[in-house]
Every structure is written in C-alpha cells, then in structure tokens.
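**Q** Give me a 3D structure for the following:
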Amino acid sequence: MDHLSAFSPEYITARTKFRAAASSLGFHHTAYPINQISPTGEELTIDVACSNEFNSGRAIVISSGLHGVEGFLGSAIQLALLERYQELASSSGSKLVLIHALNPYGFAWLRRWNEDNIDLNRNFLLSDEVFEGCPVDYPKFDSFLNPTSPPSKFGAYMLKVIWLISRYGLTSLSNALPVGQYVFPKGLFFGGYSSSKTQDILSHNLSEWIGNASEVIHIDFHTGLGRSGTYKLLPSPSTTTESFSRLSHRFGSINIEPFGSAVVSYQIRGGLGPWCQALLPQCRYDLLIAEFGTYSFIQVLKALRDENRSYWWGDQSSCYNWTKNQLVEMFAPKSQLWRQQCLVQGLGICRQALNEAN
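**A** Purely as a prediction, here's the structure:
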C-alpha cells in the first residue's frame with residue numbers, strides 16, 4: 001500500500017477506512033462507544049475486528065492509538081495489513097484481532113491523553129496497586145511541566161530545560177517524568193484516579209476477542225521514542241528469560257530492547273502489558289510495544305507541554321491550532337520518507353508475529 005493512502009488525515013477517516021477494510025474481508029467487527037464525540041460531532045468508538053479462525057490456539061493482537069495522537073501510524077499499519085491480509089496472514093492459521101484506536105478521544109482531538117487527561121499506558125494498574133503517588137522528583141518539575149498559563153511560541157523553553165538539566169541532570173528529568181503520576185490531574189503523564197473506559201472495555205472483552213487461544217502475541221504500536229525512522233520492540237519488564245529469548249528469535253534480537261537499556265531506562269507504572277498478562281493467566285501472553293522514533297525527547301516534551309497548557313489554560317483562537325499541529329508533527333511526521341519507512345517496518349513486524357515458527 002502507498003503510504004499516502006494508508007495514513008489518514010484524522011480519526012473519523014481512519015475509522016471509516018478501517019471498518020470498510022475489515023468488512024470486505026468478512027471479519028467480525030464491533031464498535032465500543034466511549035460516550036464522547038469527535039470535533040465534528042460523531043460518536044467516538046474503539047473498533048475491534050476479528051478474523052474467523054477459532055481453533056488455531058494462537059491469536060495475534062495488533063492495537064493502535066493507546067496514546068491518542070500516536071494512532072496515525074498504528075492505524076495506517078492496521079489498514080495496510082487488512083488490505084494485504086490474503087498475502088500476509090490468511091494462511092498463518094492464527095486468529096487476528098485488530099483493536100483500532102484504544103484512545104479514540106486522544107486520536108480525534110489530537111491529544112496523547114484521553115478525555116480525563118489520563119495517560120492510558122499508566123492507567124492499567126494491577127489488582128494490588130493503588131492510584132496514588134508520583135515519582136519522588138516529579139514535584140520538582142511540576143511548575144515547569146504544567147504552568148497555569150497559555151503557551152507562547154516565543155517562550156524560554158530551552159533555557160528552562162538547560163537550567164533543569166544543569167541542576168538535576170538529564171537522567172533525573174527523563175526518568176521522573178514518563179514513569180506515571182497520580183497526584184496532578186491536569187499534569188503530564190497522569191495515570192488517573194480509577195480505571196478508564198478503555199480499561200473497562202478490555203477487561204470485559206479481551207478474553208472473548210482472543211477466543212480459545214493459549215498463545216497470544218500482542219503488538220501495540222507507538223511513536224515518539226527513539227531515533228527517527230527506526231523502531232524498537234519493548235517487552236514488559238516482567239518478561240522472563242525464556243520469553244525474551246523466544247521473542248528475540250521471532251523478531252530479531254537487534255530489534256528487541258530490554259528494560260534498562262539506553263532507549264528505556266525507566267519502568268512505568270500501569271503499563272498495558274503486565275495487566276493483560278494478569279487478566280489472562282491461562283495464556284502465554286506476550287505484549288510488545290513497537291516504538292517508532294520521531295524527534296528528540298526534549299522536542300517531544302515541549303510539544304506535550306505546549307498542548308497541555310493550551311488545553312487547560314489557552315484561548316483556542318490564539319494557540320489551539322499551532323500546539324495541535326506541533327504535537328501531530330512530533331508523533332506522526334509529515335515526512336513521506338518517515339511514513340513509508342515506518343509503514344514498511346510495521347508490516348514487517350506484523351508478518352513476523354503471524355509467522356507460525358515458535
């Protein structure tokens with residue numbers, strides 16, 4: 001598929017194309033409303049399409065848009081996979097489950113967070129965890145991260161970052177912020193005070209979607225971390241040595257990034273992977289985050305900070321559009337080369353997941 005037709009300009013177009021492609025293959029499709037509307041008034045939904053294999057014992061789950069605005073690439077990969085299904089997947093014998101836009105509000109309204117300002121990949125706490133607390137250094141950075149004023153194109157962002165890095169160190173800044181926090185509800189990386197609508201939908205339906213599968217490979221597509229135009233597959237920190245070896249064999253050891261590496265040196269709270277494994281203990285459930293690089297951490301953080309300030313404190317007539325456009329560029333660059341490279345690589349990941357080899 002040509003990258004220009006795989007990538008959609010906005011959520012409603014992406015969803016429409018996804019539904020049509022799934023229908024053309026006879027997939028079972030269900031739309032799960034989240035009780036929110038799009039900027040043009042349509043009901044927002046998490047859409048799930050399942051192939052008709054029920055007895056293989058294996059399921060491949062491909063999900064997109066957990067971080068809203070990051071859904072452009074994941075949706076494009078899902079659409080391309082559906083259009084090439086006969087070539088890539090129909091003979092694999094595995095049940096294919098495609099979850100389109102786990103955070104439809106963020107996708108539609110161009111936010112990384114959901115309708116409650118929740119970072120959904122910090123919301124999936126396990127049964128013995130509570131929605132409380134934050135990294136010890138997060139309060140030090142709160143006034144910088146979440147200023148209660150509208151953003152400006154001409155602010156002194158870089159000077160403030162340089163000052164913070166010189167005082168606390170880049171490691172402290174980068175490790176404290178993305179971990180997840182449950183104290184500042186209008187702040188970045190807020191994990192929520194309770195389970196989200198997305199978590200509730202998965203909790204009630206994931207078992208049904210995978211059917212009788214005893215082995216599950218789940219690829220959750222993300223963007224914004226790493227070197228531009230390349231990807232890494234990030235397993236859960238709890239992944240066993242045996243599972244890590246098996247996944248490295250399937251996807252290539254060069255592509256699997258272990259926890260504690262240069263790419264990911266922090267452990268998030270409330271991640272989707274451990275939660276899925278706990279929900280379905282009867283399965284060998286392997287979830288990999290496929291993370292595609294775009295821009296530097298400091299540039300991405302600026303875009304997140306500006307958009308969040310605009311959302312809470314800005315006048316839409318003055319800062320809405322430029323903060324949204326900046327955010328989209330950080331997570332779905334307009335570069336045709338980036339889009340083509342990432343689409344091809346994403347399809348390659350799907351092909352490896354569907355391969356019958358163990």
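**Q** if you go through the protein in chain order, where are the helices?
**A** Remark: helices assigned in the chain by DSSP state H are 3-6, 11-24, 71-83, 85-88, 104-109, 138-145, 157-168, 170-176, 197-210, 241-251, 272-279, 297-313, 321-331, 336-354.
**Q** Among these, which comes closest to P258?
**A** Of all the helices of the chain, it is helix 241-251 that lies closest to P258, at 6.9 Å by CB to CB. Bear in mind the C-beta positions are built from the backbone N, C-alpha and C, glycine included.
**Q** in the closest one, what counts as buried?
**A** Across helix 241-251, burial judged by 16 or more other CB atoms under 10 Å covers 244, 247-248, 250-251.
**Q** ditto for stretch 109-122
**A** Neighbour counts over stretch 109-122 (16+ other CB under 10 Å) mark 109-115, 117-122 as buried.
**Q** Please verify my assumption that G65 contacts H100.
**A** Yes. The criterion here is CB atoms under 8 Å, and G65 meets it with H100 at 7.0 Å.
**Q** Give the residues shared as contacts by these two.
**A** Counting by CB atoms under 8 Å, 6 or more residues apart in numbering, the shared contacts of G65 and H100 are S75.
**Q** so which of the helices of the chain gets nearest P39?
**A** From the helices of the chain, taking CB to CB, the stretch that ends up closest is helix 104-109, at 6.4 Å.
**Q** What helices and strands are in contact with the closest one?
**A** helix 11-24, strand 28-37, strand 43-50, helix 71-83 (3 or more CB pairs under 8 Å, 6 or more residues apart in numbering; DSSP states H and E).
**Q** ok, now with 10 Å
**A** Using 3 or more CB pairs under 10 Å, 6 or more residues apart in numbering; DSSP states H and E, the elements in contact with helix 104-109 are helix 11-24, strand 28-37, strand 43-50, helix 71-83, helix 197-210.
**Q** Output the last one as PDB, nothing but the C-alphas.
**A** Coordinates of each C-alpha in helix 197-210 appear next as PDB, following Å, rounded to 0.1, in the frame of the first residue of the first chain:
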ATOM      1  CA  LYS A 197     -13.300   3.400  30.000                       C
ATOM      2  CA  THR A 198     -10.600   1.800  27.800                       C
ATOM      3  CA  GLN A 199      -9.500  -0.500  30.600                       C
ATOM      4  CA  ASP A 200     -13.100  -1.400  31.300                       C
ATOM      5  CA  ILE A 201     -13.800  -2.300  27.700                       C
ATOM      6  CA  LEU A 202     -10.600  -4.500  27.500                       C
ATOM      7  CA  SER A 203     -11.400  -6.100  30.900                       C
ATOM      8  CA  HIS A 204     -14.900  -7.200  29.700                       C
ATOM      9  CA  ASN A 205     -14.000  -8.200  26.100                       C
ATOM     10  CA  LEU A 206     -10.300  -9.200  25.600                       C
ATOM     11  CA  SER A 207     -10.900 -12.800  26.500                       C
ATOM     12  CA  GLU A 208     -13.800 -13.100  24.000                       C
ATOM     13  CA  TRP A 209     -11.700 -11.500  21.300                       C
ATOM     14  CA  ILE A 210      -8.900 -14.000  21.500                       C
END
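**Q** buried sites along that helix?
**A** Quick answer for helix 197-210 (16+ other CB under 10 Å): 197-199, 201-202, 206, 209-210.
**Q** on that earlier part again, can you list the helices of the chain in CSV and add distance to G226 and mean pLDDT?
**A** Listed next are those as CSV, based on distance: least, CB to CB, whole Å; pLDDT from 0 to 100:
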stretch, distance to G226, mean pLDDT
helix 3-6, 19, 80
helix 11-24, 23, 98
helix 71-83, 13, 97
helix 85-88, 25, 84
helix 104-109, 20, 98
helix 138-145, 22, 89
helix 157-168, 20, 86
helix 170-176, 13, 73
helix 197-210, 24, 98
helix 241-251, 15, 93
helix 272-279, 18, 96
helix 297-313, 10, 94
helix 321-331, 12, 96
helix 336-354, 11, 96
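**Q** could those go into a markdown table alongside distance to D286?
**A** Formatted as a markdown table, the helices of the chain follow (distance: least, CB to CB, whole Å):
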| stretch | distance to D286 |
| --- | --- |
| helix 3-6 | 26 |
| helix 11-24 | 24 |
| helix 71-83 | 18 |
| helix 85-88 | 19 |
| helix 104-109 | 25 |
| helix 138-145 | 31 |
| helix 157-168 | 36 |
| helix 170-176 | 26 |
| helix 197-210 | 12 |
| helix 241-251 | 6 |
| helix 272-279 | 8 |
| helix 297-313 | 27 |
| helix 321-331 | 25 |
| helix 336-354 | 9 |
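**Q** closest to E129 out of those helices?
**A** Among these, the nearest to E129 by CB to CB is helix 272-279 (9.8 Å).
**Q** what's in contact with the closest one?
**A** 61, 63, 66, 102, 120-129, 195, 198-199, 202-203, 206-207, 210, 216, 218, 220, 234-239, 268, 283-289 (CB atoms under 10 Å, 6 or more residues apart in numbering).
**Q** re the thing from before, for the helices and strands packed on helix 104-109, state which one has the densest average packing.
**A** helix 71-83 (a mean of 27; mean count of other CB atoms under 10 Å).
**Q** For the nearest residue to G226 once chain neighbours are set aside, grab the count of nearby residues.
**A** In this structure, G226 finds its nearest non-sequential neighbour in G293, 3.2 Å apart by CB to CB, 6 or more residues apart in numbering. Per other CB atoms under 10 Å, the neighbour tally for G293 reads 19.
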